[in-house]
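Asker: The following comprises the amino acid sequence and a computationally predicted model.
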Amino acid sequence: MDRILLVGCGGFVGAVLRYLVSVALGTSLYATLVVNVVGCLLIGFLGGLAEERQYLSPQLRLFLFVGILGGFTTFSSVAYETAQILRTGQVPAALVHIGLQLLLGIPAVFVGYWAAR
């Protein structure tokens, strides 16, 4: 239950931050780009602190990575996972990971839209 609360509270913070960025930038397409790039920068920095310096406890990582950054942008999670795959030298696996995210995600939006009609 503690993990669920950590993720839920972090998700609330992340979602509010995303909304505030969108309001500040006028809910344009650039707002999404800014959110995604900032989220990627933050997850890379925090991931480096967690892995290289062991600064973050597992609970704090859950709150920050899954909660706040997950609520802020899930793209940062995709980018982080892809970077982790690349760090192990598995370039083909990373390309498949990225490709599947796009090749399945975008059509899924259209299928969902179609289903709603």
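Answerer: Perfect, thanks for sending it. Just so you know, these numbers come straight off a predicted model, no measurement behind them. Numbering: from 1, shown residues only.
Asker: Would you check how far apart Met1 and Val34 are?
Answerer: For Met1, the distance to Val34 (CB to CB, to the nearest Å) stands at 34 Å. Where C-beta positions appear, they are placed from N, C-alpha and C, glycine not excepted.
Asker: Looking at these two now, which is surrounded by more residues?
Answerer: Neighbour count, other CB atoms under 10 Å: between Met1 and Val34, Val34 has more, with 17 against 5.
Asker: C-terminal to the helix or strand that that one is a member of, what's the next element?
Answerer: Using DSSP states H and E, the element containing Val34 is helix 29-52. Counting by DSSP H and E, the next helix or strand C-terminal to helix 29-52 is helix 58-61.
Asker: How far away from the center of its chain is that following helix?
Answerer: Its chain's C-alpha centre and that of helix 58-61 lie 16 Å apart, by CA atoms, centre = their mean, to the nearest Å.
Asker: which residues are contacting the helix or strand of the chain with the lowest mean pLDDT?
Answerer: Counting by mean pLDDT, DSSP states H and E, the chain has its least confident helix or strand at helix 29-52, which shows a mean of 86. Contact with helix 29-52 is made by 18, 21-22, 24-25, 55-56, 61, 64-65, 69, 72-73, 75-77, 79-80, 83, as judged by CB atoms under 8 Å, 6 or more residues apart in numbering.
Asker: tell me which residues in it are buried?
Answerer: Along helix 29-52, these residues count as buried under the neighbour rule (16 or more other CB atoms under 10 Å): 31-32, 34-36, 38-40, 42-43, 46-47, 50.
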